[in-house]
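**Student:** A structural model of the following input is requested.
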Amino acid sequence: MAQPMIALDLPLKVLAWEATDGKVWVSYNDPNYLKQRFSLSDELVKNIAIIAPLINEALSSVDHK
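**Tutor:** Model (predicted):
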């Protein structure tokens with residue numbers, strides 16, 4: 001069953017910001033949260049679950065101060 005309200009969350013977005021203390025934060029909606037929120041099938045979730053490994057890969061390639 002299609003869940004048209006998921007269009008509010010797709011495409012997935014990632015927000016990165018620096019807090020006043022200098023720490024950098026990254027936020028996004030976890031695919032498992034979206035699965036539960038919209039009763040998505042495992043088949044649909046696997047299409048968006050790539051976000052976490054991509055973010056981890058991007059963060060691991062960043063030079064740390």
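
**Student:** So what does Ala16 look like in phi/psi?
**Tutor:** Torsion angles at Ala16 (phi, psi; degrees, to the nearest 10) stand at phi -120, psi 140.

**Student:** And Lys35, by the same measure?
**Tutor:** phi -60, psi -50.

**Student:** List the single closest residue to it in space, sequence neighbours excluded.
**Tutor:** Val45 (4.6 Å; C-beta to C-beta, 6 or more residues apart in numbering). C-betas here are computed from N, CA, C, even on glycine.

**Student:** Check the offset of the helix or strand hosting the one you found from the chain's centre.
**Tutor:** Per DSSP states H and E, Val45 falls inside helix 42-48. In terms of C-alpha atoms, centre = their mean, to the nearest Å, the centre of helix 42-48 is set 13 Å apart from its chain centre.

**Student:** buried residues in that helix?
**Tutor:** Neighbour-count burial for helix 42-48, with 16 or more other C-beta atoms under 10 Å as criterion, is recorded at Leu44, Ile48.

**Student:** can I get the CA coordinates of that helix in CSV?
**Tutor:** The C-alpha trace of helix 42-48 is given here as CSV (Å, rounded to 0.1, in the frame of the first residue of the first chain):
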residue,chain,number,x,y,z
ASP,A,42,11.3,-4.2,4.4
GLU,A,43,11.5,-4.1,0.6
LEU,A,44,10.8,-0.3,0.6
VAL,A,45,13.0,0.4,3.6
LYS,A,46,16.1,-1.2,2.0
ASN,A,47,16.0,1.4,-0.7
ILE,A,48,16.5,4.2,1.8
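
**Student:** The next helix or strand after that helix: how far from the chain's middle?
**Tutor:** Downstream of helix 42-48, the first helix or strand assigned by DSSP H and E is helix 51-60. Offset of helix 51-60 from its chain centre (C-alpha atoms, centre = their mean): 10 Å.

**Student:** That's all I had, so thanks and see you.
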